[in-house]
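J.: When you get a sec, could you give me coordinates for this:
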Amino acid sequence: MAVPVVFDQQSAGYSVERAYWLARACDLAYKDRTVIENQAGAWGFGAVRHHETVFTAPFPLQDTQAYTMAGDGMIVTAFRGTEPAQIKDWLTDASTPPWPGPAGTGYVHHGFAEALDSVFPGVRDAVAELRTNGQAVYFTGHSLGGALAMLAGARMALEHPKLAADGVYTYGQPRTCDRLLANAFNQGLRDRVFRFVNNNDIVPQLPPEPAFTHTKALRWIDSAGRLHDSGPSLLTGLGDRVTGLTADLFAPAGDGIRDHFMASYLTALETNIP
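T.: Okay, here's the model as predicted:
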């Protein structure tokens, strides 16, 4: 393992190193503005834009937060996630009506769509403003932030194709949309989408199928911390689920929550860097 010491803005295509650095960008989204700006500058991203919306009840989340940082070779928009306990009821609520997908394609989870809609104009404008020399564009997010990153990638590709992302990396992302939009996303952003799931992480298992589904390009981390380029076989997946299973995967000490922590993803990715 060779832990990278710099955020590589120049290389193209998928790599575990890139996944690690974008995961660190996700982790940074949980910090305050000053910490974000200072760390982005230390990574070589000289410009930062913040995107924030505060919601009030009955919307189930308090706010939506993201930031966009731009360097000479790359622009990254990272969406902040939330604690699983805060979105448990929301993710399992099947009564919320769906929201039309980007460019009228399919349907998405109403809460995700409303959360993204509140900041998307600012994200779009920031990418357009900061992309001064054709930098590669990446969307990334953990948990709820992963759902917003996926939807932002879909909206940009379908509604503003000149600003389409070169990569969408998500960690512990819940199911976000129906099969129609997932198929359009898979076709439009083929080989640019990477959805990481850490072993028994409970959030990617919700909301329930068949109303909502995942996009392709799963990268799965097994119970030993090994990264795989596809999901587990039925037998392997069952064995890993039994390894850390508790009666309530949403319990604070449960495997479903432990595997969801951003720190768990960072540790696994760092371990898998060639």
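J.: what about Met69, neighbour count?
T.: The burial count assigned to Met69 is 26, neighbours taken as other C-beta atoms under 10 Å. For glycine as for every other residue, the C-beta is placed from the backbone atoms N, C-alpha and C.
J.: whoops, I mixed them up, Thr267
T.: 15.
J.: check which helix or strand covers it.
T.: According to DSSP states H and E, Thr267 maps onto helix 262-272.
J.: which residues are in contact with that helix?
T.: Residues outside helix 262-272 that contact it (C-beta atoms under 8 Å, 6 or more residues apart in numbering): 1, 3, 16, 19-20, 23-24, 26-27, 30, 81, 142-143, 171-172, 196, 198, 221, 225-227, 258.
J.: filter those to the buried ones?
T.: Those of the contacts of helix 262-272 that meet the buried threshold are 16, 19-20, 23-24, 26-27, 30, 81, 142-143, 171-172, 196, 198, 221, 227, 258, by 16 or more other C-beta atoms under 10 Å.
J.: Which ones among these map onto strands?
T.: Using DSSP state E, the subset of the buried ones among the contacts of helix 262-272 located in strands is His142, Tyr171, Phe196, Asn198, Ile221, Leu227.
J.: all strands of the stretch 101-250 of the chain, in order?
T.: Assigned strands in the stretch 101-250 of the chain, in chain order: 107-108, 136-142, 167-171, 193-198, 218-221, 227-228 (criterion: DSSP state E, counting those that start in this stretch).
J.: and the longest helix belonging to the chain, what other elements does it pack with?
T.: In the chain, with assignment by DSSP state H, the single longest helix is helix 144-159. Applying 3 or more C-beta pairs under 8 Å, 6 or more residues apart in numbering; DSSP states H and E, we find helix 144-159 packed against strand 63-70, strand 74-79, helix 110-117, helix 120-130, strand 136-142, strand 167-171, helix 179-188, strand 193-198.
J.: Next, format those as TSV and append distance to Glu270 and mean pLDDT.
T.: Compiled in TSV, these are given as follows (distance: least, C-beta to C-beta, whole Å; pLDDT from 0 to 100):
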stretch	distance to Glu270	mean pLDDT
strand 63-70	21	93
strand 74-79	18	98
helix 110-117	29	88
helix 120-130	28	97
strand 136-142	15	97
strand 167-171	13	97
helix 179-188	28	91
strand 193-198	13	96
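J.: Which stretch among the ones you listed approaches Asn38 most closely?
T.: In terms of C-beta to C-beta, the element of these nearest to Asn38 is strand 63-70, at 11.4 Å.
J.: returning to what we had before: and the angle from the longest helix of the chain to helix 179-188?
T.: 70 degrees (axes from the mean of the first three to the mean of the last three C-alpha atoms, to 10 degrees).
J.: Tell me which residues of helix 144-159 come out buried.
T.: Neighbour-count burial for helix 144-159 [16+ other C-beta under 10 Å]: 144-158.
J.: got it, and stretch 7-24?
T.: Phe7, Gln9, Tyr14, Val16, Glu17, Arg18, Ala19, Tyr20, Trp21, Leu22, Ala23, Arg24.
J.: Could you count how many residues lie near the closest residue to the third one other than its chain neighbours?
T.: It stands for Tyr14. In space, and not counting its chain neighbours, Tyr14 is closest to Phe194: 6.2 Å by C-beta to C-beta, 6 or more residues apart in numbering. Neighbourhood size, Phe194 [other C-beta under 10 Å]: 22.
J.: Contact partners for Phe194?
T.: Applying C-beta under 8 Å, 6+ apart, the residues near Phe194 are Tyr14, Ala19, Gly167, Val168, Tyr169, Thr170, Ala217, Arg219.
J.: Just send the residues you listed back as CSV, with distance to Asn186 too.
T.: Below are the contacts of Phe194 laid out as CSV (distance: C-beta to C-beta, whole Å):
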residue, distance to Asn186
Tyr14, 15
Ala19, 19
Gly167, 14
Val168, 11
Tyr169, 15
Thr170, 14
Ala217, 8
Arg219, 15
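J.: of those residues, closest to Pro97?
T.: Nearest member of the contacts of Phe194 to Pro97, counting by C-beta to C-beta, is Thr170, at 24.4 Å.
J.: Understood, closing this out.
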